[in-house]
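> Quick one, fold the following:
(one chain, ligands or ions: 1)
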Amino acid sequence: MQICDLDDIRIHYREDGDPKGAPVVFANSLGTDLRLWDKVVPLLPAGLRIIRYDKRGHGLTDCPPGPYAMGTLVRDAERLLDALEIRDCVFVGLSIGGMIAQGLAVKRLDQVRAMVLSNTAAKIGTKEMWESRIQGVLDGGIEALAEGILERWFTKPFRDTPEFTGWRNMLIRQPVEGYAGCSAAISGTDFYTPTSGLALPTLAIAGSEDGSTPPDLVRETADLVKGSRFHLIRGAGHLPCVEKPAEYAEVLTQFLKETGHV
Ligand SMILES: O=C(O)CCC(=O)CC(=O)O
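Next up, the predicted model:
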């Protein structure tokens with residue numbers, strides 16, 4: 001198990017591939033851990049240095065008391081990458097992970113050479129929506145809201161598969177404090193202005209059935225970044241890396257070729 005001690009927080013991460021290869025960093029969504037990428041990583045070309053990590057309050061990373069600020073989540077990623085001596089990575093962020101990608105690119109272009117904004121946006125939801133979600137999980141636990149969340153994450157055919165049970169368990173076993181803490185970070189984030197100033201190779205990915213960050217919202221954010229392109233994965237919800245891993249890996253591999261990473 002790989003743990004990076006940043007003094008005030010210990011971050012769980014995982015490295016695969018070639019330690020000397022071009023770095024690709026994956027950041028997960030709300031309520032998921034680094035297993036989110038299990039089906040995509042083995043499909044990527046050999047020779048990459050692949051890093052995944054659990055953001056604060058998720059997976060095996062520490063769970064300090066919330067609420068968290070987006071600046072703190074970005075700073076965690078920045079410090080992790082510095083500790084691992086990563087420069088010029090392709091940063092792949094899904095949903096809140098994509099918000100972290102935007103914040104990191106604004107702050108540290110030496111770390112982020114290109115980014116993948118997957119199922120994300122410059123601003124997600126409204127303050128009222130997040131306040132009600134935070135109250136809901138603090139009162140009743142994640143399980144109380146799980147069915148609605150999972151309907152946004154996955155299409156009905158996928159929810160009927162045995163594999164779905166594993167993803168449901170991943171969601172409801174995340175620490176409530178961490179889920180609520182990161183929800184507060186999303187609630188307080190509006191990256192329209194900073195993201196509009198970005199110019200770097202960017203691939204935006206959307207799922208046609210995504211109930212959390214619908215395709216139009218993802219496209220709108222992609223359009224803010226000079227040098228972006230958009231790819232729609234049909235028949236997938238909020239987590240196309242789980243529902244359609246082959247297509248996800250193919251489009252990501254193509255982007256890695258375009259950016260000279262492979
Ligand atoms: O997935 C995220 O990181 C946040 C967006 C969201 O609301 C996901 C969900 O529907 O639970």
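
> Quick one: the strands in the stretch 1-150 of the chain, in order.
Remark: strands assigned in the stretch 1-150 of the chain by DSSP state E, counting those that start in this stretch are 2-5, 10-17, 22-27, 48-53, 89-94, 112-118.

> Packing partners of the third one?
Translated: strand 22-27. Counting contacts by 3 or more Cβ pairs under 8 Å, 6 or more residues apart in numbering; DSSP states H and E, strand 22-27 is packed against strand 48-53, helix 70-83, strand 89-94, helix 96-107. All C-beta atoms are positioned from the backbone trio N, CA, C, and that covers glycine.

> so, in contact with the ligand or not, the third one?
No - Strand 89-94 does not reach the ligand (Cβ under 6 Å from any ligand atom); its nearest approach is 7.0 Å.

> quick one on the thing from earlier: could the strands of the stretch 1-150 of the chain go into a markdown table alongside mean neighbour count and mean pLDDT?
Rendered in a markdown table, the data for the strands of the stretch 1-150 of the chain read as follows (neighbours: other Cβ atoms under 10 Å; pLDDT from 0 to 100):
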| stretch | mean neighbour count | mean pLDDT |
| --- | --- | --- |
| strand 2-5 | 13 | 98 |
| strand 10-17 | 18 | 98 |
| strand 22-27 | 25 | 98 |
| strand 48-53 | 22 | 98 |
| strand 89-94 | 27 | 98 |
| strand 112-118 | 27 | 98 |
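
> Buried residues in stretch 155-168, which are they?
Residues of stretch 155-168 classed as buried by neighbour count (16 or more other Cβ atoms under 10 Å): 155, 158-159, 164, 167-168.

> just stretch 170-182 next, same as before
So for stretch 170-182, counting by 16+ other Cβ under 10 Å, buried means 170-172, 174-182.

> Give me the contact list for that stretch.
30-33, 35, 55-59, 63-68, 73, 96, 134, 137-138, 141-143, 146, 149-150, 153 (Cβ atoms under 8 Å, 6 or more residues apart in numbering).
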